[in-house]
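Sequence and predicted model, in that order:
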Amino acid sequence: MGIVFGDLGTSPLYSLQTVVQATGGRFTAHSALGVLSLIVWTLILTISIKYCLFVMRADNRGEGGILALMSLIGANGFVPGFKVLTGMGLLGAALIYGDGVITPAISVLSALEGVNVVTTTFKPFIMPMAVVILLCLFAAQRFGTERIGRAFGPVMMLWFIVIATLGLVSIAHHPGVVAALDPRYAVRFMVGSGSAGFLVLGGVFLCITGGEALYADMGHFGKGPIRRSWYGIVLPSLLLSYAGQTAFLIDKGTVAGNPFFQIAPSWSIYPLVVLATLATIIASQAIITGSFSMTRQAMQLGWLPGVAIRQTSDRIYGQIYIPVVNWLLMIATLATTFAFGSSDRLAGAYGTAVSTTMLLTSILLYRAMRHVWRWPIAVAIAAAGVFLIVDGSFFLANLLKIAEGGWLPLSFAAVLFVIMTTWRAGTDAIRATLVQSTDAVDRFLSDLKRGVIPRVAGTTVFLTRSTQKVSGLIMAHAHFTGVLPRNAIALSVLFETTPRIAGAAHCTVVDNLAEGLWHVVARFGFFEIPDLRRVLRDAHGLLDAAVDFDKALFVGTRDLIVRKRKSASMRGWRLALFAFLYRNSVKVVDRFNLAPENVIEIARQIAI
């Protein structure tokens, strides 16, 4: 509850408020019940059925998230037959970052604005207070969330108890709101509302923002605890809260402001604002740490440049901190808070990115149904078709928000999508450039066996991006220095499309190419932090007993990217962007947990 349901759990703060604005604040009993019925069945169809029963079944060895789903169906590269699916997965991941910019801003603002129900004295200070809270939140990330995370569960449990209680008290005045369980109210509302119904649908959609986070967090907790928390606590609390707010709408008829705070007694507003602020901080924390996890996955799968990752807990693997992601998110979130200033203005920007991601997830899920689970085509179309109709409706409704601010997360996602595709294209071009001809390799091995290349004492590990057994880095080293260490090891690092690799499987076949020359392949899952020293220790028994990795020298590269004069694979701004990303990617010392005093980096000029 504390981590997975922060976003979903705080949606009552702003969902019906957005609907109130879309309708002009005027409600009849039938229109209010129609809105509530839409919310109820949206929660049931999208979260209870689609995500909890179907999407969470599409786990990649226990891990979730759209990138894990993309890898599960084999779409981790622009190869024939998978280009469109790969593009959808990448776009969905990029859109989650866009959502991560808006979620902290709208959540904290909507919580603090609760004081406006009692007095307008603090209204000019709401936005500055939100900025201070967000600034402190992002600044605290460097210390890790393990300790503060222990309080997340109890706080969110209290939050769900409070919103359920407030809802029950309000329902007692209008018990007729339970009629909204009949889906015909939702159908009649949409049919009778015309184009205005799509505006309302855009507000209704906000009740399920956080569904993608539920799927992404599956690897941390497992399916069982998430499903039990949702069905047993979170869903009933949300339904009671929304029903209580709807009862208030029916009672008043005309409403201005946020019904979430208006159904609370006046004496409870200040404590409720404090509790809501704590809950929204937790919701913001969840999306921030989710962005860290997704960055690590994208980096390991080869879609983003290497960045520095700090492990903030020696007991919990998922506790990581990525400085560059944290500060970029902070800048974007604070700028968004300054620019929009209030939660009602931000509601126009919120939802566009999430609705698109959910639609893309449904399409990828259909592929999993057919090619991973081997479902008959009729069953797969029937199941995925229902989800696509629901997601497509919300997607179209949120398109109306683009002019009101929806362009913001979409633009942010578009930039990230370009970065990811450019990075993959550039790294593929480098690998193609570094491939050594068979003749050159045979000539090098022949010279080595005949003693043409002198050998000197010591052990050197050459870190190479190439999967060739004889690395071009070793050949270049021998050419320019005129010697080769007595023990030379070409170490290739491969990140697989599975989350984790257990035990000795980290080290695959060790090839002894010549006397004192080996090729070792280190394999890691996309959810792991690579530790090369551990892999080499595991491989020690497969190598010569004289190899001493404690005193070994590690040689990496710090390449400079330039454009080929003829038949360049990348041109113009894309080449400049890739060269910038490549130049500023993390150093091998930080990426692979190596001792700096044992590492040498060699600069090469590579034309692509």
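Alright, I've got the coordinates.

and residue 547, what element?
Using DSSP states H and E, residue 547 sits within no helix or strand.

What separation do you get for the residue nearest to it when sequence neighbours are not counted and residue 456?
With CB to CB, 6 or more residues apart in numbering as the criterion, residue 547 has its nearest non-adjacent residue at 5.0 Å, and that residue is residue 487. (Glycine included, C-beta is placed from N, CA and C.) As judged by CB to CB, to the nearest Å, residue 487 and residue 456 stand 10 Å apart.

Same check on residue 214?
Residue 214 sits 57 Å away from residue 456, going by CB to CB.

and residue 487 and residue 456? which has more neighbours close in?
More crowded of residue 487 and residue 456, by other CB atoms under 10 Å: residue 487, with 22 against 11.

Would you list the phi and psi of that one?
With angles defined as degrees, to the nearest 10, residue 487 sits at phi -120, psi 110.

Equivalent analysis for residue 553, please.
Per degrees, to the nearest 10, the backbone of residue 553 is at phi -100, psi 130.

how far out from the middle of the chain is stretch 26-33?
A distance of 38 Å separates the centroid of the chain from that of stretch 26-33, by CA atoms, centre = their mean, to the nearest Å.

just stretch 94-112 next, same as before
Using CA atoms, centre = their mean, the offset of stretch 94-112 from its chain centre is 14 Å.

Over to stretch 12-22?
Per CA atoms, centre = their mean, the displacement of stretch 12-22 from the mean C-alpha position of its chain is 26 Å.

any idea of the mean pLDDT for it?
Taken as a whole, stretch 12-22 has a mean pLDDT of 87.

contact partners of that stretch?
Applying CB atoms under 8 Å, 6 or more residues apart in numbering, the external contacts of stretch 12-22 come out as 35, 39, 106-107, 110-111, 163, 196, 199-200, 202-204, 206-207, 238, 241-242, 245-246, 249, 255-260, 276, 280, 343-344, 347, 350.

Mind checking which of the residues you listed are in helices?
35, 39, 106-107, 110-111, 163, 196, 199-200, 202-204, 238, 241-242, 245-246, 249, 259-260, 276, 280, 343-344 (DSSP state H).

Now, of the residues you listed, which are buried?
Buried members of those, counted by 16 or more other CB atoms under 10 Å: 35, 39, 106-107, 110-111, 163, 199-200, 202-204, 238, 241-242, 245-246, 249, 259-260, 276, 280, 343-344.

Grab the nearest non-local neighbour of residue 514.
residue 448 (5.0 Å).

ignore the last one, residue 607
Nearest to residue 607 is residue 564, by CB to CB, 6+ apart, at 4.4 Å.

Which secondary structure state does the one you found sit in?
Assigned by DSSP: H, G, I helix; E, B strand; the rest coil, the conformation of residue 564 is coil.

how far away is it from residue 375?
Residue 564 sits 47 Å away from residue 375, going by CB to CB.

where in the stretch 501-608 of the chain is pLDDT low?
Applying pLDDT under 70 to the stretch 501-608 of the chain picks out residues 502-509, 540-542, 544-546.

What segments of it are strands?
Applying DSSP state E, counting those that start in this stretch to the stretch 501-608 of the chain gives strands spanning 507-514, 517-524, 553-557, 560-562, 599-602, 605-607.

ok, back up a step: so the residue nearest to residue 514 makes contact with residue 484?
Yes. The criterion here is CB atoms under 8 Å, and residue 448 meets it with residue 484 at 7.1 Å.

Quick check: neighbours shared by those two?
residue 517.

quick one on the thing from earlier: list the beta-bridge partners for the residue nearest to residue 547.
residue 459 (DSSP bridges).

is it true that it touches residue 457?
No. Using CB under 8 Å, residue 487 makes no contact with residue 457, being 9.1 Å away.

which phi and psi does the spatially most central residue of the chain have?
Centroid check for the chain by CA atoms, centre = their mean gives residue 294 as the closest residue, at 3.7 Å. When read as degrees, to the nearest 10, the backbone of residue 294 gives phi -70, psi -40.
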